[in-house]
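S.K.: Make a model of this:
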Amino acid sequence: MGLFGKTRKKVLFICMENAGRSQMAEAFFRLYTPKGYEPISAGTRPTAEINPTVVQVMKELDIDISKQKPKMLTSEIIQDSIINVNMGCVNKNECPAVFMQNSIDWNIEDPKEKSIEKVREIRDDIKLKVMRFCKTLE
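M.R.: Next up is the predicted model:
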């Protein structure tokens, strides 16, 4: 529930491990979100922690996601969201976003085991996509 009892519209960012792409998207959406929206991210196989390189490249932009925790994608999270953004997983067995209504597929490369330079490129791509997406919601 948002201010004055009004429900905020939830936008769900999904990737398998919820350790990189979806966490960056959630953080950027939180920064640029139009009024009345709330981001959440989750994964089908969440890891124990966020990718340390992802944390580092986000800190370069003064965005601290070090306290974020990967979350399991649940039917409740899916039901509570109005839009689902598939960050790039294409394995239909692992990524139910492929079958969800109101889904957008961004097809973003996984930062796992990539160089810091490549993770910066992925971060910048996600930032741009989130900014453009937020403009469509205003």
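
S.K.: and the residue lying closest to Asp105 once chain neighbours are set aside, how many residues sit next to it?
M.R.: Spatial nearest neighbour of Asp105, chain neighbours left out: Asn86 (4.6 Å); criterion: C-beta to C-beta, 6 or more residues apart in numbering. Heads up, the C-betas are built off the backbone N, CA and C, glycines and all. Around Asn86 there are 23 other residues, counting by other C-beta atoms under 10 Å.

S.K.: shift numbering so it begins at 540
M.R.: Will do, 540 is the new start, and the previous item becomes Asn625.

S.K.: just checking, Asn625 touches Trp645?
M.R.: Yes. Counting by C-beta atoms under 8 Å, Asn625 sits close enough to Trp645 to count as a contact (6.8 Å).

S.K.: Where do the strands of the protein begin and end?
M.R.: With strands called from DSSP state E, the chain shows them at 548-553, 576-581, 620-625, 642-644.

S.K.: okay, the ones you listed in TSV with mean pLDDT and distance to Val669 next?
M.R.: Output for those, formatted as TSV (pLDDT from 0 to 100; distance: least, C-beta to C-beta, whole Å):
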stretch	mean pLDDT	distance to Val669
strand 548-553	94	9
strand 576-581	95	9
strand 620-625	91	9
strand 642-644	85	11
